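> Have a look; sequence and predicted model below, questions after that.
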Amino acid sequence: MKSRRKVKTWQHLLFLSVTLVVLLACGSTPDPTATLPPPPPTEEVATEEPVAPAEPTNTTAPVIPPTATPDYQATLNHDATLEAQASVGKILDWLSDIDVDLPRGYRVPITDESAVLKVTSYMGQEYQKITPDELNDFVVGVDITWNSSSGLAGCGLILRSEADPNRGSSYQFAIRRLSGASSWDIEYFIDGKYKGNVTGSVLYHKAIDYKQDSTNRVIITVVGEEYIVYVNGVRLSAAYSGVKLDGHVSFLAWQESGSTTCTFNDAWIWAVTD
């Protein structure tokens, strides 16, 4: 029993010794740990209200309304108006050269403003009608260039005729050239046959340029029974038919022999309504 007690006493002492050592070890003051300074106070940032996202920009090309398609007939009418104004301007220029005012009326549409007529037969004649309808009173103008090889030759106009000048009544104006002399007259025909001279006879005038390939500007006013002829700005004379006819206008070329060419350019007709 004593030995057990000794053992327990020894164990108890050992336990106390160990406990004391542990308490001494744990009770020693440790080195203080370095303390980090506190962070600076955070500034309060005002919180913005959330902004709604912008709507995407429309990148589609703008739609341009289509241009109205020009009216074809309106365009034609516009062009015709400009052409008519230009034609009237030309007529005014021609009439100013002979000191004649433009009478009340309108420009007549003609089928041809230019033409070339050539005659090669003996006592031959060629014509070309330029009016689609018969005319009452009118003024006609044209530039005539002539070339002939031999014999008497003439270039001019058939006035107030049937659609076929070789039928019914008509009047024929012509400037004539032969051997360096120039002349003119107005003759009356029925069914293509000569019936008389409205001017009384063939008349000579120095205003007519008789030279080969020369050009003569002719203007004739045909009002009622009166015919007034102007060549190269000079009033030649007036003639009276005695009979007033409505009818057509044609270019004319004729000759006795050889070869004759008559070239017509810039023709116009002005209908007189007064």
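Ah, there it is. Residues are numbered from 1 along each chain as shown.

> in the stretch 51-200 of the chain, which segments are predicted with low confidence?
The stretch 51-200 of the chain contains residues with pLDDT under 70 at 51-85.

> Swap in 50 and give it another go.
Applying pLDDT under 50 to the stretch 51-200 of the chain picks out no residues at all.

> hey, where'd the strands end up in the stretch 51-200 of the chain?
105-107, 115-119, 125-129, 138-148, 153-161, 169-178, 181-190, 193-197 (DSSP state E, counting those that start in this stretch).

> could you say what helices and strands the longest one packs with?
Contacts defined by 3 or more Cβ pairs under 8 Å, 6 or more residues apart in numbering; DSSP states H and E place strand 138-148 against helix 72-97, strand 153-161, strand 169-178, strand 215-223, strand 248-255, strand 260-272. Quick note: C-beta positions are derived from backbone N, CA and C, even for glycine.

> what about those, which gets the closest to W184?
Closest to W184 of the helices and strands packed on strand 138-148 is strand 169-178 (Cβ to Cβ; 4.8 Å).

> Partner strands of the closest one and their direction?
strand 153-161 (antiparallel), strand 181-190 (antiparallel) (DSSP bridges).

> So which residues make contact with the longest one?
With contact meaning Cβ atoms under 8 Å, 6 or more residues apart in numbering, strand 181-190 is reached by 156, 159, 165, 168-177, 194-199, 201-206, 208-210, 227, 229, 231, 236, 239, 241.

> Separate out the buried members of those.
For the contacts of strand 181-190, a burial check counting by 16 or more other Cβ atoms under 10 Å picks out 156, 159, 165, 168-177, 198-199, 203, 208-210, 227, 229, 231, 236, 239, 241.

> Would you confirm that T273 contacts G105?
Yes. When contacts are counted by Cβ atoms under 8 Å, T273 is listed as touching G105 (4.5 Å).

> ok, back up a step: pick the most buried one from the strands paired with strand 169-178.
Of all these, strand 153-161 has the most neighbours on average by mean count of other Cβ atoms under 10 Å, namely a mean of 26.

> OK, contacts around I228?
220-221, 235, 237-238.

> Now the phi/psi pair for it, please.
The phi and psi values for I228, taken as degrees, to the nearest 10, are phi -110, psi 130.

> now T199
phi -80, psi 0.

> Quick check: it touching S241?
No. Using Cβ under 8 Å as the test, T199 is too far from S241 to be in contact (10.3 Å).

> Can I have the buried ones of the contacts of I228 as a PyMOL selection?
Burial among those is assessed by 16+ other Cβ under 10 Å; the matching PyMOL selection reads:
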select buried, resi 220+221
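
> Please identify which two of the contacts of I228 are farthest apart in space.
T221 and S237 (12.2 Å).

> follow-up on the earlier one: switch the strands paired with strand 169-178 over to JSON lines; also include distance to S214.
Formatted as JSON lines, the strands paired with strand 169-178 follow (distance: least, Cβ to Cβ, whole Å):
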{"stretch": "strand 153-161", "distance to S214": "11"}
{"stretch": "strand 181-190", "distance to S214": "9"}
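
> Quick one, which of these gets closest to D112.
When the strands paired with strand 169-178 are compared by Cβ to Cβ, strand 153-161 sits nearest D112, at 12.7 Å.

> Let me know how buried the spatially closest residue to S259 that is not a sequence neighbour is, in neighbour terms.
Residue nearest to S259 in three dimensions, not counting chain neighbours: S149, with 4.6 Å by Cβ to Cβ, 6 or more residues apart in numbering. Other residues within reach of S149, judged by other Cβ atoms under 10 Å, total 13.

> re earlier: now the contacts of I228 in CSV, with pLDDT and distance to F251?
As requested, the contacts of I228 are exported to CSV (pLDDT from 0 to 100; distance: Cβ to Cβ, whole Å):
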residue, pLDDT, distance to F251
I220, 98, 13
T221, 97, 18
R235, 97, 23
S237, 95, 22
A238, 95, 23
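
> so which of the contacts of I228 comes closest to N136?
Nearest to N136 out of the contacts of I228 is T221 (Cβ to Cβ; 12.9 Å).

> doesn't Y227 make contact with the closest one?
Yes. Counting by Cβ under 8 Å, T221 touches Y227, with 7.3 Å between them.

> Now tabulate the helices and strands packed on strand 138-148 in CSV and tack on distance to Y127.
Formatted as CSV, the helices and strands packed on strand 138-148 follow (distance: least, Cβ to Cβ, whole Å):
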stretch, distance to Y127
helix 72-97, 23
strand 153-161, 6
strand 169-178, 9
strand 215-223, 16
strand 248-255, 4
strand 260-272, 10
